[in-house]
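Enquirer: here is my input, please return the structure:
(2 chains)
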Amino acid sequence: MAILDFDLNVRLRTFDLSVSLGVDRETLALVGPSGAGKSTVLKAIGGLIAPDAGRIVLDDEVWFDSTGGVMRPPEERSVGMVFQEYALFPHMTVRQNIAFGERKGARRTDELIERFRISGLAEAKPDSLSGGERQRVALARALVRDPRVLLLDEPLSALDAHTKEMIREELRELLAELDLPTILITHDFADASALAARAGVIVAGEVRQLAPVGELARHPADAFVATLTGNNLLPAVAEPDREGGVVVRFDDGQTIGADRALSGPVGVVVAPWDIEVLGGELPRGEVPPNAFFGRVSSLTAVRDRVEVRIGPVQVECGVAEAHELGLEVGGQAWAVLERAVIDLVPLGRDTPRMLT
Amino acid sequence: MRNQRHRSGEAGFTAFLALCAGVALTFLAVPIVALFWEAPLGEIPSLFGDPVVLDILTVTAKTNLIANLLIIGFGTPTAYLLATRDFRGRTLAVTLVELPVVLPPAVAGIGLLAAFGANGLLGGLLKDAGIMIPFTEWAVVMAVTFVASPFYVRQAITAFQSVDPLLPAASRTLGAGPVRTFLRVLLPLSASGLMAGWVLSFARGIGEFGATIMFAGNVQGVTQTLTLGIYQQLNGDFDLALAIGVLLVILSGAVLLTYKLFSSWRSSTSI
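Expert: Numbers count the residues shown, from 1 in each chain, chains lettered A, B, ... in the order given. The predicted structure is shown next:
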């Protein structure tokens, strides 16, 4: 039994949410598209909605049990919740926001104001704060009652791109220090992999795959998880070869080899940073093994990296490397898809469409 | 050439709009100007010593004070219920709450008589209990409450609904029960909307005439309010009627200003 165990069934407008998970002293991310039912899970644990069926237990405290008719109101559950857009009380100062939940006799407010370095803002109203400052106030407010569970609903989505990375790092350190059972909701797998050890991919109310974040990226269970985690998903057809592997044939007839026992329509899963690029002009017309040849359709610089698009393949390489190879839009290049870094997922007729 | 015609057409249209607006504004302004022109403005301060006027002011203040307390006291929880809970018959309840806005005041008056009059629906019960409502101060209170309450309740429902539902949710997870959440989060955040609604309902209450005269009559010192006073003095002391009119114009102007103040305060504080 984990510290927090829950099994929830909630009828939503277009589907039924059905999630059963356990969370220990760790950060578990729930990742998925908007409208997948992620926030509903948090609201149910926090006591803001009553599930149609199920059970929520923290240690030996039953918070909700549909068969036993137990439904503790939110104020009697020990949760610290950070809402999407933070939901700070606009009519109160930062200090009043944090002190709102303080237990009688406790002196946590000043301590938390100090801890989150917001003493300069203590008398300010939320509407005068930046996104990062609001997030810190929201965290301090959520922690003032020393909750036994932390629930974070998209804590980074309201931030500008340039402050997000720094605040994500702060949040990572905080979560490690708090060492509480924490559930983090996000639609961005990068946030999940930076903040959580495990993640569940949730689509239309059900968990598609629950695994350590690295595992999700390397061995996605299906096409959806593959693209969510930032991989290329290249449609192809697999046929068994003589050595126990498969030959994967792309639409244009090019083939590569893979070590998975799958046949029929497949998606080749490969991370952009795991692909090696070779320039189009090779000595003596050599053909590299397990490579895909194509036209370079775009080159985009992102900080010290370059995103290269070779045919349908998204590749990431260093700026110096791209320069050395003489890559240019309209030119040609090889994308080497090593057997060790590629994975295959079955591709149903309906799967590729829902990805974008 | 065509451009010129186009421009002259536009100027002509603007002139037409200005003409209509001029007629409308004049029509609206003339009675107000006339009221101030005809009224014995110099005598108004001394009117406050007139026993008839004193009676009128006392009755108006007393009945409206009680009516407003009832409207706020019962209207606020009613509005909160209708704004935040979904239940069977909610739409019907909202319609019922809003009905007096469109109901002719005379209908409200006859309805109140039919319900609470001596031979009314509840008349027998009240008589047995020794309670007599028509033609008393309580009848004024009830008439005012009946016609003025929807102005407050409607606005209060909107005010409660415009509070981000995540804010009370946050309050609950921070250990506050439903009552504390209402008092510390919902009430302050909807206060300006509630005040704006109250100002409108106050104005409607002060101006109440039709339902009152039918259900409460026009008895000096008992049920005669400012508007009934004007009516009474039309065939008596016309100057007095004019003076009360001036008083009500000033009061109405103040009410309208207050309402606008609350409305702009609300839009500047909402985020």
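Enquirer: list the helices and strands the helix or strand where A:Met81 lies packs on?
Expert: Here A:Met81, judged by DSSP states H and E, is contained in strand A:79-82. Contact partners of strand A:79-82 among helices and strands, from 3 or more CB pairs under 8 Å, 6 or more residues apart in numbering or on different chains; DSSP states H and E: helix A:38-46, helix A:131-143, strand A:149-153, helix B:166-173. In short, each C-beta sits where N, CA and C put it, glycine included.
Enquirer: tell me the secondary structure at the closest residue to chain B within chain A.
Expert: The minimum distance from chain A to chain B, using CB to the nearest CB, falls at A:Gly101 (3.2 Å). Assigned by DSSP: H, G, I helix; E, B strand; the rest coil, the conformation of A:Gly101 is coil.
Enquirer: got it, and the one 5 residues further on?
Expert: Secondary structure, three-state DSSP: A:Ala106 is coil.
Enquirer: wait, what's in contact with the residue of chain B found nearest chain A?
Expert: For chain B, the residue closest to chain A is B:Leu174, as judged by CB to the nearest CB, at 3.2 Å. If a contact means CB atoms under 8 Å, 6 or more residues apart in numbering or on different chains, then B:Leu174 has A:75, A:100-101, A:141, A:144-145 as its contacts.
Enquirer: again with A:Ala196
Expert: Contacts for A:Ala196 (CB under 8 Å, 6+ apart) come out as A:26-29, A:184, A:213.
Enquirer: excluding its backbone neighbours, what's nearest it?
Expert: A:Ala29 (3.7 Å; CB to CB, 6 or more residues apart in numbering or on different chains).
Enquirer: hmm, that neighbour is touching A:Arg198, no?
Expert: Yes. Assessed by CB atoms under 8 Å, A:Ala29 is found in contact with A:Arg198 at 7.3 Å.
Enquirer: need the residues touching each of these two.
Expert: Both A:Ala29 and A:Arg198 are contacted by A:Val213, under the criterion CB under 8 Å, 6+ apart.
Enquirer: neighbour count for those two, which is higher?
Expert: A:Ala29 (28 against 18; other CB atoms under 10 Å in any protein chain shown).
Enquirer: is the more buried one bridged to anything, and to what?
Expert: Applying DSSP bridges to A:Ala29 gives these bridge partners: A:Leu184, A:Ala199.
Enquirer: for A:Val277, same thing?
Expert: Per DSSP bridges, residues listed as beta-bridge partners of A:Val277: A:Ala335.
Enquirer: rewinding a little: quick check: phi and psi on the residue of chain B closest to chain A?
Expert: Main-chain dihedrals, B:Leu174, degrees, to the nearest 10: phi -90, psi 20.
Enquirer: and the residue of chain A closest to chain B, how many neighbours does it have?
Expert: Using other CB under 10 Å, A:Gly101 is surrounded by 23 other residues.
Enquirer: list the contacts of it.
Expert: So A:Gly101 contacts A:141, A:144-145, B:174-176 (CB under 8 Å, 6+ apart).
Enquirer: run the last query once more with 6 Å
Expert: Shown in contact with A:Gly101 (CB atoms under 6 Å, 6 or more residues apart in numbering or on different chains): A:144-145, B:174-175.
Enquirer: give me the pLDDT for it.
Expert: Reported pLDDT at A:Gly101 in the predicted model: 93.
Enquirer: now do the domain split for chain B, please.
Expert: B:1-38, B:44-269 (automatic domain parsing).
Enquirer: in TSV: the ones you listed, plus mean pLDDT.
Expert: Supplementary listing: the domains of chain B in TSV, determined by pLDDT from 0 to 100:
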stretch	mean pLDDT
domain B:1-38	88
domain B:44-269	91
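Enquirer: distance to A:Gln254 added to the ones you listed, as CSV?
Expert: Below are the domains of chain B laid out as CSV (distance: least, CB to CB, whole Å):
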stretch, distance to A:Gln254
domain B:1-38, 64
domain B:44-269, 51
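Enquirer: and those, which is most packed in?
Expert: Of the domains of chain B, the one with the most neighbours on average (mean count of other CB atoms under 10 Å in any protein chain shown) is domain B:44-269, at a mean of 18.
Enquirer: tell me which residues are up against stretch A:215-229.
Expert: Contacting residues not belonging to stretch A:215-229 are listed as A:189, A:199, A:201, A:208-209, A:233, A:267, A:269, A:343, A:345, A:347, A:351, A:355 [CB under 6 Å, 6+ apart].
Enquirer: wait, what's in contact with residue 185?
Expert: All of this is about chain A. So A:Ile185 contacts A:30, A:38, A:153-154 (CB under 6 Å, 6+ apart).
Enquirer: ah, no, chain B please
Expert: For B:Val185, the contact set (CB under 6 Å, 6+ apart) comprises B:167-168, B:171.
Enquirer: try it again with 7 Å
Expert: B:Val185 makes contact with A:89, B:167-168, B:171, according to CB atoms under 7 Å, 6 or more residues apart in numbering or on different chains.
Enquirer: let me know the closest of the residues you listed to B:Leu103.
Expert: Closest approach to B:Leu103 among these (CB to CB): B:Pro168, at 33.7 Å.
Enquirer: what's the closest non-adjacent residue to the closest one?
Expert: The shortest distance from B:Pro168 to any non-neighbouring residue, by CB to CB, 6+ apart, is to B:Thr181 (5.0 Å).
Enquirer: residues in contact with the helix or strand where the one you found lies?
Expert: Using DSSP H and E, B:Thr181 sits within helix B:178-181. Contacts with helix B:178-181, where a contact means CB under 7 Å, 6+ apart, come from B:168, B:171-172.
Enquirer: now for the helix or strand following it, which elements pack on it?
Expert: As assigned by DSSP H and E, the chain's next helix or strand after helix B:178-181 is helix B:187-206. Here helix B:187-206 touches helix B:51-84, helix B:137-161, helix B:238-269, going by 3 or more CB pairs under 7 Å, 6 or more residues apart in numbering or on different chains; DSSP states H and E.
Enquirer: angle of the last one against helix B:137-161?
Expert: To tie it back to what came earlier, the one meant is helix B:238-269. On the basis of axes from the mean of the first three to the mean of the last three CA atoms, to 10 degrees, helix B:238-269 is oriented at 20 degrees to helix B:137-161.
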